[in-house]
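K.L.:
Need the 3D shape of this:
(2 chains)
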Amino acid sequence: MNAISIAVALAYLLAAAGFVVALHLMNSPATARLGSRLSWLGMIVAVVAALVSVIRDATITTTGWIVFIAGAAAGGTVGLIMARRVKMTDVLQVVSIFNAVGGGAAALVAAGDFVGLAGGAGRPTWVMIATVLDVIIGPVTFSGSLVAAGKLQGWVSSRPVVFPGARPVTAALAVIGVGASCYLLAGHDSIPVLILVTCSALGFGVTMAMPIGGADIPVVVALLNAFTGIAVAMAGFVIGNGALIIGGALVGASGGILTVLMARAMNRSVLGVVMGGFGTGDSGPAAGPAGGPGVSIRRISAEDAAIQLAYASKVIIVPGYGLAAAQAQHEAAELTAVLQEHAMVFFAIHPVAGRMPGHMNVLLAEANVPYEDLKEMDAANPEFPTADVVLVVGANDVTNPAARRPGNPVSGMPILNVDQARSVIVIKRSMGHGYAGIDNELYTDPKTGMFFADAKTGLAWPRSSRRSRPWCPADTGAQDPFSCGGRSRAGRSPATRPPRRAAADGRAHEGRARRPPGAAPTTPGRSL
Amino acid sequence: MTTSLMSDIYMFVLAILVGYEVITKVPSTLHTPLMSASNAIHGIVIIGAIITASQARTTAGYVLAFVAAFFAAMNVAGGYSLTDRMLQMFRKRPGRAGRDGGSGQPEELS
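P.N.:
Numbering: from 1, shown residues only, chains lettered A, B, ... in the order given. The predicted structure is shown next:
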């Protein structure tokens, strides 16, 4: 081992350690960005080390350089453009596409190794095993992730697609793939057979992903992410590179855990998701606000809701996928800022609010909601009994108290205890069902008021109702729509007010405008 | 040969266990960025693409190397850029965080 080999090996070790520390730093929003940068640094160190070792060995041809540099430049540009342009609501599609190409690359690396050495002096069985696993897992991930991305984007129907004879075709592809793999493992160096394995794996990925319903797709994306990790680790075995093995194994483990956590939060088993079935598609367009006959609900108007919120001292907002679908996160952030003038307000985030765990946090972060205002389910649940008003925006099954009873589709699913609050306002387009397809008992609770609107219009009411402010005397020049003169909520401790206002002011002056002009109620010292 | 295989397997198994330990501590708040971050990490396969390119001698080999480089670079560049874009949006309440820079101006303005 000469000096360069040692340096290269140490660089790989450094990169691997960087990845581990980076993932560790992801356990707090305060350090996560540092972690991401550390991981990036590790990646650069590893790439430089690989380039140095290739230059030192002088095995690469000029054509090889041109091919690599052209491919990397083109791919890198495409990736950067996609990452920069994507809207935060569509982030999962892009992650899925990046995952697809990662799996594809791992399969190609193994195939390249096979093609390069084919016909040469055989190779150890374990390299062959890793190669075969790679050309199976990689293509499955590639085609499966692309179908998943297509379903999320709406290019492929998000309903479970089951074409006649789908199961026999899937089974046939599996048999062909396994048979051809065994032929390769028996020591036959045949490139056509390798291509056959790859093609049947590609087909298998498609037939596996097609029958999965839109609601379950995020779980599948996480699962395929784990697969890519394993494929990359296998590529590491093939070319004998520790950085690939460690990086791939880390991703395999993390993807596996994410898959299980997501499936658990959605009350699904991983096997059930992969086998398709219960996963329904996205619920269709709203069928109008009428509930079925016999359902007694209490409808409230925007003014009722505004008055209720104006007199509350503790408000919890429960956002759901409907909020993301209506692109209403900025309205939610505005409303929060307004309410924080006089009340304690935070968001209670169910693990599967949005497209996947943590997606809602990203969307609200984009709307400049500080992460301290977002509470996870376990932290939020003890707070509900003392909440004056809970505002449920576009969330359904995750608030259904029926989950505490056995014998229905949501039984056992972890829920937010919204029904324990003093009063509840639900902003919803209609009485339509969630993914579980059952009635939500929360909506018929006497303390629940239903405000039928889409999330964006529903949350924009503070601005519109500020003009009328039925509860305010006409002459108060109040900036705050909910507090006017002496009629603001009684019983508030004045001592707790100044820090809250200061915080709100700081926010209002931040570089990016927090509210559109004309909607800024936080002029210091004037609203009371 | 066997020693290198054994040490590779050691690495693989231990890395899975380390990954498990580290990831279970990540709050669900950060699961979306985490998925993107781990997605970026498997872009390490770009090293594999470099080695594929270095071994390529035939047209088929060059084609494979080109596509592998394209895919892997897209994975790395896109993955890190997207993760960073998401994470930069997670911010503390400015009232508390404002002390470390940038807080002078708002005071002047008000």
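
K.L.:
so where do the strands sit in the stretch 301-450 of chain A?
P.N.:
For the stretch 301-450 of chain A, the strands defined by DSSP state E, counting those that start in this stretch occupy A:314-319, A:344-349, A:374-376, A:389-393, A:423-428, A:448-452.

K.L.:
Check which residues of stretch A:357-377 are buried.
P.N.:
Judged by neighbour count using 16 or more other CB atoms under 10 Å in any protein chain shown, the buried positions of stretch A:357-377 are A:357-371, A:373-377. Placement of C-beta: from N, CA and C, glycine included.

K.L.:
Return it as CSV; C-alpha atoms alone will do.
P.N.:
What follows is stretch A:357-377, C-alpha atoms only, in CSV (Å, rounded to 0.1, in the frame of the first residue of the first chain):
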residue,chain,number,x,y,z
PRO,A,357,-44.2,12.3,7.2
GLY,A,358,-42.7,15.8,7.6
HIS,A,359,-44.1,17.1,4.3
MET,A,360,-46.5,19.4,6.1
ASN,A,361,-43.6,20.8,8.1
VAL,A,362,-41.7,21.6,4.9
LEU,A,363,-44.8,23.3,3.4
LEU,A,364,-45.3,25.4,6.5
ALA,A,365,-41.6,26.1,6.8
GLU,A,366,-41.8,27.4,3.2
ALA,A,367,-44.6,29.8,4.4
ASN,A,368,-42.2,31.0,7.1
VAL,A,369,-43.8,29.4,10.1
PRO,A,370,-41.0,28.9,12.6
TYR,A,371,-40.6,25.2,13.5
GLU,A,372,-41.1,25.9,17.2
ASP,A,373,-44.8,26.5,16.3
LEU,A,374,-45.1,23.0,14.8
LYS,A,375,-45.8,20.2,17.3
GLU,A,376,-45.6,16.5,16.6
MET,A,377,-48.6,14.3,17.5
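
K.L.:
neighbours of residue A:457, just the number please.
P.N.:
17 (other CB atoms under 10 Å in any protein chain shown).

K.L.:
Average pLDDT for the host helix or strand of it, rounded please.
P.N.:
Element membership of residue A:457, judged by DSSP states H and E, is helix A:455-459. For helix A:455-459, mean pLDDT is 78.

K.L.:
Contacts for that helix, please.
P.N.:
Identification of contacts with helix A:455-459 by CB atoms under 8 Å, 6 or more residues apart in numbering or on different chains yields A:302, A:322-323, A:325-328, A:331-332, A:334-335, A:393-394, A:427, A:451.

K.L.:
what about 7 Å?
P.N.:
With contact meaning CB atoms under 7 Å, 6 or more residues apart in numbering or on different chains, helix A:455-459 is reached by A:322-323, A:326-328, A:331-332, A:335, A:393-394, A:427, A:451.

K.L.:
Work out the gap between that helix and the centre of the chain.
P.N.:
Distance of helix A:455-459 from the chain centroid (CA atoms, centre = their mean, to the nearest Å) equals 22 Å.

K.L.:
try stretch A:88-97
P.N.:
Distance, centroid of stretch A:88-97 to centroid of chain: 8 Å (CA atoms, centre = their mean).

K.L.:
Any buried residues in it, and which?
P.N.:
Applying 16+ other CB under 10 Å to stretch A:88-97 flags A:88-89, A:91-97 as buried.

K.L.:
And the pLDDT for residue A:232?
P.N.:
95.

K.L.:
can you pull the contacts of the residue nearest to it when sequence neighbours are not counted?
P.N.:
Excluding the flanking residues, the one nearest residue A:232 by CB to CB, 6 or more residues apart in numbering or on different chains is residue A:248, at 3.4 Å. Contact partners of residue A:248, counting by CB under 7 Å, 6+ apart, are A:229-230, A:232-233, A:236, B:42.

K.L.:
Report whether the helix ranked longest in chain B contacts chain A.
P.N.:
When secondary structure is assigned using DSSP state H, the longest helix within chain B turns out to be helix B:59-87. Yes: against chain A, helix B:59-87 shows contacts by CB under 7 Å from any CB of the partner chain at B:60-62, B:64-87.

K.L.:
what number of residues lie near the residue in the stretch 201-350 of chain A positioned nearest to chain B?
P.N.:
Here the stretch 201-350 of chain A gets closest to chain B at one residue, residue A:253, 3.0 Å apart by CB to the nearest CB. When neighbours are defined as other CB under 10 Å, residue A:253 has 25 of them.

K.L.:
Check residue A:399 too.
P.N.:
26.

K.L.:
Likewise for the one 3 residues further on?
P.N.:
Other residues within reach of residue A:402, judged by other CB under 10 Å, total 20.

K.L.:
Do you know the pLDDT at it?
P.N.:
On the pLDDT scale, residue A:402 gets 86.

K.L.:
right, and it touches residue A:408 too?
P.N.:
Yes: using CB atoms under 7 Å, residue A:402 is in contact with residue A:408, at 5.4 Å.

K.L.:
Residue A:374 contacts residue A:348, correct?
P.N.:
No: the pair residue A:374 / residue A:348 is not scored as a contact, 8.4 Å apart, by CB under 7 Å.

K.L.:
ok, back up a step: who are the packing partners of the longest helix of chain B?
P.N.:
On a contact count with 3 or more CB pairs under 7 Å, 6 or more residues apart in numbering or on different chains; DSSP states H and E, helix B:59-87 meets helix A:32-57, helix A:62-85, helix A:91-117, helix B:31-41, helix B:45-55.

K.L.:
Can you give me the buried ones in that helix?
P.N.:
Buried residues in helix B:59-87, counted by 16+ other CB under 10 Å: B:61-87.

K.L.:
repeat for stretch A:236-249
P.N.:
A:236-239, A:241-249.

K.L.:
and the strand or helix carrying residue A:135, how far out from the chain's middle?
P.N.:
When elements are assigned from DSSP H and E, residue A:135 belongs to helix A:125-153. Relative to its chain's centre, helix A:125-153 lies at 21 Å (CA atoms, centre = their mean).

K.L.:
same check, this time on stretch A:10-22
P.N.:
26 Å.

K.L.:
Mind listing residues that contact that stretch?
P.N.:
Counting by CB under 7 Å, 6+ apart, A:35-36, A:38-39, A:41-43, A:45-46, A:49, A:242-243, A:246-247, A:250, B:18, B:22, B:41 sit against stretch A:10-22.

K.L.:
which stretches of the stretch 151-300 of chain A aren't confidently modelled?
P.N.:
A:276-295 (pLDDT under 70).

K.L.:
Show me which residues of it sit near chain B.
P.N.:
With CB under 7 Å from any CB as the criterion, the stretch 151-300 of chain A meets chain B at residues A:222, A:225, A:228-229, A:232-233, A:235, A:237, A:239-255, A:257-258.

K.L.:
Give me the subset of these that lies in strands.
P.N.:
Among those, DSSP state E puts none in strands.

K.L.:
picking that back up, between the buried residues of stretch A:88-97, which sits nearest residue B:34?
P.N.:
residue A:95 (10.6 Å; CB to CB).

K.L.:
Check whether the closest one really touches residue B:33, as I assumed.
P.N.:
No: contact criterion CB under 7 Å: residue A:95 and residue B:33 do not qualify, at 10.0 Å.

K.L.:
Count the residues that sit near residue 55.
P.N.:
Since you didn't name a chain, this refers to chain A. 13.

K.L.:
Let me rephrase: I mean chain B.
P.N.:
By other CB under 10 Å, neighbour count at residue B:55 equals 21.

K.L.:
ditto for residue A:393
P.N.:
If we define neighbours as other CB under 10 Å, then residue A:393 has 30 of them.

K.L.:
and it, what does it touch?
P.N.:
Counted by CB under 7 Å, 6+ apart, residue A:393 has contacts A:317-320, A:322-323, A:332, A:427, A:455, A:458-459.

K.L.:
low-scoring pLDDT stretches of the stretch 351-500 of chain A, where are they?
P.N.:
Looking along the stretch 351-500 of chain A with the criterion set at pLDDT under 70, you get A:435-436, A:461-500.

K.L.:
and it, which of its residues are near chain B?
P.N.:
Going by CB under 7 Å from any CB, the residues of the stretch 351-500 of chain A near chain B are A:351, A:356-359, A:361-362, A:365-366, A:370-372, A:374, A:376.
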